Structures are given as structure tokens and as C-alpha cells.
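S.K.: Give the three-dimensional model of this entry:
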Amino acid sequence: MAQVTYSFRMDEGLKRQADLFCNDVGMNLSTMLMVCLKRIIRENRFPFEISAEPNYNEITRQAIADVNAGVGLSPRYSSWAEAKAALEAEIDAEDDDA
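M.R.: Numbers count the residues shown, from 1 in each chain. Reported below is the predicted structural model:
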């Protein structure tokens, strides 16, 4: 198969870090790029996940933070009867307050 040369520009620090990593695993940057390209072709996908930070509005970000912190969550019930009893007790308490 004919060989071609492809060159591109990258940040010097990025190249230095990539070279260090590749050396640690016993290959050079060129070999790592070939391995990556071959895997892309073989699997017909990138061999790593590519994603962007979701663009949530402030209300959604706060809701996610609250859930992660366990704030404002509904209690868990082990049965429908338990949930129904709790709901009925809440309704009775509201009626008593009215």
C-alpha cells in the first residue's frame, strides 16, 4: 500500500504531553495515531466518547444540584399502600390547617 505523509499543527505543550504518554506505553506519537485511525476504520466509530457539556438553564442546573445533594426529594415508599397512606395523612394535615 502506498504511503502518504500528513502533517498538522498542534500546541507544543499538547505534543509534549502526548509524546510523554506514548513513550510511557512503549510507542511514539506516529504509531499511536496509526493505532487510533485503524481502530476508527475497523469499528466505524471514534474509539472514545465525544460529548459537550449540556446547555442547561439555571433552573435545571439548580434542580440537578439539589437532586445530587439529596435536597427536596420525595420520600421512598416500599409499597403502594404505604405511599397512599402517607398521601392521605398529608391531605388530612392540610384539611386540619384550613
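
S.K.: check which helix or strand covers Arg42.
M.R.: According to DSSP states H and E, Arg42 maps onto helix 29-43.

S.K.: Same question for Ala63.
M.R.: Element membership for Ala63 (DSSP H and E) is helix 58-69.

S.K.: next one: that helix to chain centre, how far?
M.R.: Here the centre of mass of C-alpha atoms in helix 58-69, compared against the chain's by CA atoms, centre = their mean, to the nearest Å, lies 16 Å away.

S.K.: Give me the residues contacting it.
M.R.: The set of residues that contact helix 58-69 without belonging to it, under CB atoms under 8 Å, 6 or more residues apart in numbering, is Tyr56, Gly72, Leu73. (C-beta placed from N, C-alpha, C; glycine too.)

S.K.: What does the pLDDT read for the residue nearest the centre of the chain?
M.R.: By CA atoms, centre = their mean, the mean C-alpha position of the chain lies nearest to Ser51, the distance being 7.6 Å. Each residue has a pLDDT score; the one for Ser51 is 74.

S.K.: Likewise for Leu73?
M.R.: The model reports Leu73 with a pLDDT of 87.

S.K.: Quickly note the distance from Tyr6 to Asn28.
M.R.: Distance check for Tyr6 against Asn28: by CB to CB, to the nearest Å, it reads 15 Å.

S.K.: Counting residues, which helix of this protein comes out longest?
M.R.: Among the elements of the chain assigned as helix by DSSP state H, the one spanning the most residues is helix 80-97.

S.K.: Output the contacting helices and strands for that one.
M.R.: Based on contacts counted as 3 or more CB pairs under 8 Å, 6 or more residues apart in numbering; DSSP states H and E, there is no element that helix 80-97 packs against.
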